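Peer 1: Build me a model from this:
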Amino acid sequence: MTALNTPPLKTMELLRFSTAGSVDDGKSTLIGRLLYDAKSIFEDTLDAIARTTMKKGQEGLNLALLTDGLQAEREQGITIDVAYRYFATPRRKFIITDTPGHEQYTRNMVTGASTSDLAIILVDARKGPLIQSRRHAYLSSLLGIRHLVIAVNKMDTANYSDKRFKEIQHDFEPFLKRLGIPHLYFIPMSALHGDMVVERGENLDWYKGPTLLDLLETVPVSLSTTHLPARLPVQLVCRPQTPELPDFRGYMGRIESGTLKTGEAVTILPSGQRSRIRNLYLGEKELGEAIAPQSIQVTLEDEIDISRGDMIVSSQDSLPKTVRKFEAKICWLSETPLDLRRKYLLKHANRTVKAIVESLDYLVDINSLEQKPALTVEVNDIAHIHLKVLQPVMAEPYHENRKLGSFILIDESSNMTVAGGMIEKA
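Peer 2: Residues are numbered from 1 along each chain as shown. You can find the predicted model right below:
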């Protein structure tokens, strides 16, 4: 287990975290308890939950209703879609991504957790880690999540036994260590009664670690990408051609990582042409420096042919590779299986190009981590592939730059997203 350190609060303005668990592990109740005890629920919402709880013939407050907002979820008792919840404490702001637990909604979990920096996986104290627990842990590692919390929930059903908690930790920890997730935490709790969620309670006095909220407020997560090499994918070329600005040419987009400065030498990819930044604009305000993730407009000292999908990078930084082939892992999101004979559209940053899957290397059994040969990829499968694109893309490994190491595959005929991918090697 990782020791907890508290970095300066000014670096912790926002924490994005996701929750996942098998059916009936108490995930929705946990989120409801976290928001309720953190006093982040409006009175009218509490009244609505109380009325619905009474209609169901239950006592008290069914806090799971706070997140299970879809009628179908309430009827089935499972979460089937990704839900986002926002709350804040005096120490930090939070965005919770509540992802589905059932195996058939693996794709929802992948898309929902892709922007998270911390993941909470619930384990029922009675059942211990299940196949789905391992599945969610693997997906968290695949998505580059650096902090993983194993919330051993429903400790009240195990008589708050420290022996049972240690059994679960001993059972699950070897698998988790194989995933290489840098920071791992185990917390015993009862979301139903509030033990170790926000308050410590009186039933788990043998546990000396932080409560869940203590951990969320202090976990050393750096959300900044300003330390990475500067990358500005061009989204729009602005040429107003007005009498006041007859020759103006600005390049608009969001800085995905790094910092750009006025006067800095930059390289344009994939052409490799070079220039210097003349001006940086944030709206109408002129800047001397712009940082990720600001959406800005850049003007250059030289007239260069730049179009949507090109990338402006700092010449002093290491440049991304401009490639037509690369290796990647994909999560297949479509009910229609992968067709190796077809072309797909690959969208990477602001660049969209035609692509083919040159080879399907293997599927990953995300319960055992074994590699399995396969002839196709079906919905919710995780596969390792080699991709070939018909126009070059500026590729970086996902573990180095999550923004520029990710892509989606699109069906040309339906315009539906069929896969999300992470570049492994270019």
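
Peer 1: The residue lying closest to Leu148 once chain neighbours are set aside and Leu232, how far apart?
Peer 2: Distance criterion Cβ to Cβ, 6 or more residues apart in numbering; nearest residue to Leu148, sequence neighbours excluded, is Ile181 at 4.8 Å. (C-beta placed from N, C-alpha, C; glycine too.) In this view, Ile181 and Leu232 are 31 Å apart by Cβ to Cβ, to the nearest Å.

Peer 1: out of those two, which sits in the busier spot?
Peer 2: Per other Cβ atoms under 10 Å, whichever of Ile181 and Leu232 has more neighbours is Leu232, with 29 against 19.

Peer 1: Ala88 versus that one, what's the distance?
Peer 2: Leu232 sits at a distance of 31 Å from Ala88 (criterion: Cβ to Cβ).

Peer 1: Likewise for Ala230?
Peer 2: 31 Å.

Peer 1: just Ala290 next, same as before
Peer 2: Distance, Ala290 to Ala88, using Cβ to Cβ: 27 Å.

Peer 1: cool, Phe186 as well?
Peer 2: 26 Å.

Peer 1: neighbour count winner among the two?
Peer 2: Using other Cβ under 10 Å as the criterion, Phe186 and Ala88 rank with Phe186 on top: 20 against 11.

Peer 1: what about the residue lying closest to Gln132 once chain neighbours are set aside, how many neighbours?
Peer 2: The shortest distance from Gln132 to any non-neighbouring residue, by Cβ to Cβ, 6+ apart, is to Ser22 (4.1 Å). For Ser22, the neighbour count with other Cβ under 10 Å is 22.

Peer 1: Look up the pLDDT of Ser22 for me, please.
Peer 2: pLDDT for Ser22: 78.

Peer 1: So what does it look like in phi/psi?
Peer 2: phi -70, psi 170 (degrees, to the nearest 10).

Peer 1: Quickly note the distance from it to Gly128.
Peer 2: On the measure of Cβ to Cβ, Ser22 and Gly128 end up 11 Å apart.

Peer 1: count of residues packed around Ala158?
Peer 2: Applying other Cβ under 10 Å, we find 19 residues neighbouring Ala158.

Peer 1: Can you check the pLDDT for it?
Peer 2: So, for Ala158, pLDDT stands at 96.

Peer 1: hmm, back to that, just checking, the residue nearest to Gln132 touches Asp124?
Peer 2: Yes. Between Ser22 and Asp124 there is a contact under Cβ atoms under 8 Å: 7.3 Å.

Peer 1: and Phe175, what helix or strand is that in?
Peer 2: Element membership for Phe175 (DSSP states H and E) is helix 162-178.

Peer 1: Now that helix: buried residues?
Peer 2: Arg164, Phe165, Ile168, Gln169, Phe172, Phe175, Leu176 (16 or more other Cβ atoms under 10 Å).

Peer 1: Quick check: the residue lying farthest from the centre of the chain vs Thr218, distance?
Peer 2: Relative to the centre of the chain, the most outlying C-alpha is that of Pro243, 45.6 Å out, by Cα atoms, centre = their mean. The spacing between Pro243 and Thr218, counted by Cβ to Cβ, is 57 Å.

Peer 1: Can you list the strands that the strand or helix carrying Leu148 pairs with?
Peer 2: Using DSSP H and E, Leu148 sits in strand 147-153. Strands that pair with strand 147-153, judged by DSSP bridges, come out as strand 118-124 (parallel), strand 183-188 (parallel).

Peer 1: Show me what that strand is in contact with.
Peer 2: For strand 147-153, the external contacting residues (Cβ atoms under 8 Å, 6 or more residues apart in numbering) are 21, 25-26, 30, 117-125, 137, 140-141, 165, 168-169, 172, 176, 181-191, 212, 215, 219, 221.

Peer 1: buried subset of those?
Peer 2: 21, 25-26, 30, 117-125, 137, 140-141, 165, 168-169, 172, 176, 181, 183-191, 212, 215, 219, 221.

Peer 1: just to revisit the earlier point, wait, which of the strands paired with strand 147-153 is closest to Phe326?
Peer 2: Closest to Phe326 of those, according to Cβ to Cβ: strand 118-124, at 26.3 Å.

Peer 1: Just want the angle from the closest one to helix 162-178.
Peer 2: Computed with axes from the mean of the first three to the mean of the last three Cα atoms, to 10 degrees, the direction of strand 118-124 lies at 140 degrees from that of helix 162-178.

Peer 1: Alpha carbons only: can I get strand 118-124 in PDB?
Peer 2: C-alpha atoms of strand 118-124 as PDB (Å, rounded to 0.1, in the frame of the first residue of the first chain):
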ATOM      1  CA  LEU A 118      -8.300   8.000  -9.600                       C
ATOM      2  CA  ALA A 119     -10.600   5.000  -9.700                       C
ATOM      3  CA  ILE A 120     -12.600   3.500  -6.900                       C
ATOM      4  CA  ILE A 121     -13.500  -0.200  -7.200                       C
ATOM      5  CA  LEU A 122     -16.000  -1.600  -4.800                       C
ATOM      6  CA  VAL A 123     -15.700  -5.100  -3.400                       C
ATOM      7  CA  ASP A 124     -18.500  -6.700  -1.400                       C
END
